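Student: structure for the following, please:
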Amino acid sequence: MYIVSLIAKPGRLDAALVENLRNAFGGGDAVWLSPDEAAEFPVAAAPSNLDEIRASIADQADLNILPADNRRKKMVLADMDSTMIEQECIDDLADEAGVGDRVKQITARAMNGELDFEGALTERVALLKGLPEGVIDKVVAERITLMPGGPELIATMKAHGGHAALVSGGFTAFTSRVSAMLGFDENRANTLLIENGALTGEVGRPILGREAKVTALEEITARLGLSEQDVIAVGDGANDLGMLGRAGLGVALHAKPTVQAQSDCRVNHGDLTALLYLQGYAKAEFARP
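Tutor: Model (predicted):
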């Protein structure tokens with residue numbers, strides 16, 4: 001048995017669309033998790049033309065098909081930049097250093113999988129050499145904003161006994177703060193090296209990239225006595241593909257084109273609360289942050 005999930009921007013999910021798809025798929029009764037925003041219905045099998053159907057309603061709603069078993073996960077493993085927050089921290093640091101345009105171009109190519117992550121990271125950090133350490137606090141205070149739905153996602157999963165881990169190819173100077181803001185249980189990221197109150201232009205080794213995120217998935221689940229099927233992972237960049245593919249449910253959230261093309265579950269209309277709808281939570285069950 002499978003679940004067909006439909007999620008749109010609040011107030012934008014058309015009941016007629018849900019009913020038409022339910023009839024076309026030969027599905028069971030529709031359940032509305034949030035009026036005019038999220039609905040689902042069971043089907044016996046996934047349609048063979050899923051990509052074609054997705055494309056036909058891409059401007060209206062996110063369509064995903066999920067196994068009906070083990071829907072509510074026991075752990076969330078999340079990327080940070082452009083996932084739990086709306087920014088790319090290294091781009092904001094680069095703006096402060098006066099090299100924003102150059103760094104943003106490298107970031108975009110790296111996240112789309114066009115460049116080696118480690119090489120792209122070291123190249124970008126080198127451009128930050130000499131930036132005062134205090135700029136990090138300034139960026140956090142003035143530029144960083146949480147992705148909508150993030151507080152509800154973490155609060156709800158933790159209220160149901162879940163574990164929350166933030167794993168980023170960014171920097172601990174930011175993950176430690178974002179982790180505390182949202183209530184994550186732990187965080188992993190790269191370390192910006194600092195000497196005499198300024199960035200050295202180097203990153204601590206080893207660099208945390210795509211494989212390190214998979215390692216985090218393996219290590220944390222083993223420590224907690226969970227299986228990888230108990231995990232919901234979310235990210236947007238090419239360096240997230242490993243953990244998205246290994247987790248029981250991997251969600252590409254407003255992801256780069258090449259990432260979406262390689263991901264079974266994609267969210268483009270919803271915010272981070274979509275990860276709760278995908279697990280079968282109704283809006284009335286969301287915990288308050």
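Student: what comes up buried for the helix or strand encompassing residue 151?
Tutor: If you go by DSSP states H and E, residue 151 is part of helix 150-159. Across helix 150-159, burial judged by 16 or more other Cβ atoms under 10 Å covers 150, 151, 152, 153, 154, 155, 156, 157, 158. Any C-beta I mention is one placed from the backbone N, CA and C, and that applies to glycine too.
Student: what about the strands in the stretch 101-250 of the chain?
Tutor: 163-171, 186-190, 192-195, 198-203, 231-235, 249-253 (DSSP state E, counting those that start in this stretch).
Student: would you list the buried residues of helix 150-159 in CSV and tack on distance to residue 276 and pLDDT?
Tutor: As requested, these are arranged in CSV below (distance: Cβ to Cβ, whole Å; pLDDT from 0 to 100):
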residue, distance to residue 276, pLDDT
150, 11, 98
151, 12, 98
152, 7, 98
153, 6, 98
154, 10, 98
155, 10, 98
156, 6, 98
157, 8, 98
158, 12, 98
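Student: how far away is the residue lying farthest from the centre of the chain from residue 135?
Tutor: Most distant residue from the mean C-alpha position of the chain: residue 196, 34.9 Å away (Cα atoms, centre = their mean). From residue 196 over to residue 135 the distance is 14 Å, taken as Cβ to Cβ, to the nearest Å.
Student: ok, now residue 28?
Tutor: 55 Å.
Student: quick check: closest non-adjacent residue to residue 234.
Tutor: residue 251 (4.6 Å; Cβ to Cβ, 6 or more residues apart in numbering).
Student: oh sorry, the question was meant for residue 1
Tutor: Residue 1 sits nearest to residue 68 (Cβ to Cβ, 6+ apart), 4.1 Å away.
Student: from what I see, the one you found and residue 5 are in contact.
Tutor: No: counting by Cβ atoms under 8 Å, residue 68 stays clear of residue 5, with 11.1 Å between them.
Student: which of the two has more neighbours?
Tutor: residue 5 (25 against 12; other Cβ atoms under 10 Å).
Student: residue ranges with poor pLDDT in the stretch 1-150 of the chain?
Tutor: Applying pLDDT under 70 to the stretch 1-150 of the chain flags no residue at all.
Student: repeat that for the stretch 151-289 of the chain.
Tutor: Using pLDDT under 70, the stretch 151-289 of the chain has no residue that qualifies.
Student: contacting residues for residue 236?
Tutor: For residue 236, the contacting residues are 79, 82, 83, 111, 252, 253, 254, 255, 256, 259, by Cβ atoms under 8 Å, 6 or more residues apart in numbering.
Student: just residue 183 next, same as before
Tutor: Counting by Cβ under 8 Å, 6+ apart, residue 183 has contacts 151, 154, 155, 158, 164, 289.
Student: and residue 210, by the same measure?
Tutor: 117, 169, 238, 239, 240, 241, 242.
Student: wait, residue 77 touches residue 165, no?
Tutor: Yes: using Cβ under 8 Å, residue 77 is in contact with residue 165, at 5.2 Å.
Student: can you pull out the helices in the protein?
Tutor: 15-25, 50-56, 89-97, 100-111, 117-126, 134-142, 150-159, 172-182, 210-224, 241-246, 257-261, 274-278 (DSSP state H).
Student: how much space between residue 131 and residue 85?
Tutor: Residue 131 is 20 Å from residue 85, by Cβ to Cβ.
Student: do residue 151 as well
Tutor: To residue 85, residue 151 is 12 Å away according to Cβ to Cβ.
Student: same deal with residue 4?
Tutor: Computed as Cβ to Cβ, the residue 4 to residue 85 distance reads 31 Å.
Student: contacts only, for the residue lying closest to residue 209 once chain neighbours are set aside.
Tutor: Nearest residue to residue 209 in three dimensions, chain neighbours excluded: residue 117, at 4.3 Å (Cβ to Cβ, 6+ apart). Residue 117 is in contact with 110, 169, 207, 209, 210, 238, 239, counting by Cβ under 8 Å, 6+ apart.
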